[in-house]
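Trainee: this one's structure only:
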């Protein structure tokens, strides 16, 4: 595929949630080619460069897929802790809103990680840290309040 086709495929595969810029795709393609993971060919008619995985590239791709799957498996195992998925005697009906909010948070972190890879500014990092610190403080207050209620 060409770089443009790769961008379009990523956008299609992610349901429009991520459309990488050419400024991130072409340096990546150059890096892959430098590692002998891709080979480049030109279309004689249009002069458009096309890229294909080498055998080494296919092995590297499979390794990355395995890594991604392991990461998601770990995330899926940890996610219930964030959304009250373990049955520890908790009234499940009280957790519906919490569970949905937790799912949104996990999805946002996954989406955010992709977006941050090439685009994180110092201001964005400070803003994200501020939001997370505020959230942690609020949750800590609720946790302390609930803990007091239970022991009283």
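Mentor: Sure, I can see it. This structure is a prediction, so every number in the text was calculated from the model and none was measured.
Trainee: and the residue nearest the centre of the chain, how far from residue 17?
Mentor: Taking CA atoms, centre = their mean, the centroid of the chain lies closest to residue 110, which sits 2.9 Å from it. Here the distance between residue 110 and residue 17 works out to 10 Å (CB to CB, to the nearest Å). (C-beta placed from N, C-alpha, C; glycine too.)
Trainee: could you do residue 66 as well?
Mentor: Relative to residue 17, residue 66 is positioned 23 Å away (CB to CB).
Trainee: now residue 16: phi and psi?
Mentor: Recorded main-chain torsions at residue 16 are phi 80, psi 0, according to degrees, to the nearest 10.
Trainee: per-residue pLDDT of it, please?
Mentor: Listed pLDDT for residue 16 reads 84.
Trainee: so what's it up against?
Mentor: Contact analysis of residue 16 by CB atoms under 8 Å, 6 or more residues apart in numbering lists nothing.
Trainee: spatially nearest residue to residue 48 (excluding sequence neighbours)?
Mentor: Taking CB to CB, 6 or more residues apart in numbering as the measure, residue 48 lies nearest to residue 2, with 5.1 Å between them; neighbours along the chain are not counted.
Trainee: residue 50 is in contact with the one you found, correct?
Mentor: Yes. Taking CB atoms under 8 Å as the contact criterion, residue 2 and residue 50 are neighbours in contact, 5.3 Å apart.
Trainee: and what about residue 50, helix, strand or coil?
Mentor: strand (DSSP: H, G, I helix; E, B strand; the rest coil).
Trainee: contacts only, for it.
Mentor: Taking CB under 8 Å, 6+ apart as the contact definition, residue 50 lies against 1, 2, 40, 41, 42, 43.
Trainee: for the residue nearest to residue 48, give its distance to residue 40.
Mentor: When CB to CB is the yardstick, residue 2 and residue 40 sit 10 Å from each other.
Trainee: just residue 22 next, same as before
Mentor: Look at residue 22 and residue 40: by CB to CB, they are 15 Å apart.
Trainee: in the lowest-mean-pLDDT helix or strand in the chain, which residues are buried?
Mentor: Per-element confidence for the chain was summarised using mean pLDDT, DSSP states H and E. The lowest value among helices and strands belongs to helix 96-119, with a mean of 73. For helix 96-119, a neighbour-count test (16 or more other CB atoms under 10 Å) marks 99, 102, 106 as buried.
Trainee: now do stretch 54-71
Mentor: Per 16+ other CB under 10 Å, stretch 54-71 contains these buried residues: 57, 60.
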